[in-house]
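Asks: Pasting a predicted model and its sequence here:
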Amino acid sequence: MTAPGARSVVALGDSITDGSFSTADTNRRWPDLLSARLNACLPGAGVLNAGITSNRITAGTATNPSALDRLGRDVLSQPGARSLILFEEINDLGGASAEQIIAGITEIADRAVRDPADPRRLGAAYDSGDHLHPNDAGMKAFADSIDLTELGLGRGCS
């Protein structure tokens, strides 16, 4: 049930959004941290975590539908959803050209956890150890990189 006038953001993504490699049962996934930031300035607003490990944008399976196939169910039909943050691409590496992936990543993601010396790599301070999934500090950096004023949920957030 959603309260009248409720406002939320949907985080649609893969294992990083799902919280793989963040500390289990501590609400340290980037959508959890973003929700805390958002609630500090806009009580009652929420972040709906629609992250699924191994998810892809266009290629899905019966048990793991693609982001495109989930869009209606996981985003558009959610009461109070006002904004979408799309955090996909890692699992698309095998099915898209380098140009498509680079264009998609450039458009979709702020490279919040990059290594300043090599922007193609995850920064050591944010690396869980597999050089792909961020640790708790990386999850916080993702949440902090989102400009709350751009989410269209109200004023007074930063």
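Replies: Happy to help now that I have it.

Asks: all contacts plus neighbour counts: C-alpha atoms, from now on.
Replies: Will do.

Asks: Which secondary structure element of the protein has the lowest mean pLDDT?
Replies: helix 98-108 (a mean of 57; mean pLDDT, DSSP states H and E).

Asks: Can you name the next helix or strand after that one?
Replies: strand 114-115 (DSSP states H and E).

Asks: Residues in contact with that following strand: which ones?
Replies: Residues outside strand 114-115 that contact it (C-alpha atoms under 8 Å, 6 or more residues apart in numbering): Arg120, Arg121, Leu122, Gly123, Ala124.

Asks: Does the fourth one touch Pro116 like I think?
Replies: If I follow you right, that is Gly123. Yes. With contact defined as C-alpha atoms under 8 Å, Gly123 reaches Pro116; the gap is 7.3 Å.

Asks: Between these two, which has more neighbouring residues?
Replies: Gly123 (18 against 10; other C-alpha atoms under 10 Å).

Asks: show me where this protein has strands.
Replies: Ranges of strands within the chain are 8-13, 46-51, 81-87, 114-115, 118-122, based on DSSP state E.

Asks: Turn the ones you listed into CSV, columns for mean pLDDT.
Replies: Formatted as CSV, these follow (pLDDT from 0 to 100):
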stretch, mean pLDDT
strand 8-13, 92
strand 46-51, 94
strand 81-87, 86
strand 114-115, 80
strand 118-122, 80
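
Asks: in the chain, which segments are predicted with low confidence?
Replies: For the chain, the stretches with pLDDT under 70 are 1-5, 93-94, 96-98, 100-110, 152-156, 158.

Asks: hmm, try it at 80
Replies: 1-6, 57-60, 88-114, 116, 119-120, 147-158 (pLDDT under 80).

Asks: So which of the contacts of strand 114-115 is surrounded by the most neighbours?
Replies: Leu122 (22 neighbours).

Asks: How about it: which residues does it bridge to?
Replies: For Leu122, the beta-bridge partners are Arg114 (DSSP bridges).

Asks: so who does it touch?
Replies: By C-alpha under 8 Å, 6+ apart, Leu122 lies in contact with Val113, Arg114, Asp115, His131, Leu132, Pro134.

Asks: Of the residues you listed, keep whichever come out buried.
Replies: With neighbours counted by 16 or more other C-alpha atoms under 10 Å, these contain buried members at Val113, Arg114, Asp115, Pro134.

Asks: will you turn the residues you listed into a markdown table that also has distance to Pro79?
Replies: Below are the buried ones among the contacts of Leu122 laid out as a markdown table (distance: C-alpha to C-alpha, whole Å):
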| residue | distance to Pro79 |
| --- | --- |
| Val113 | 31 |
| Arg114 | 34 |
| Asp115 | 38 |
| Pro134 | 30 |
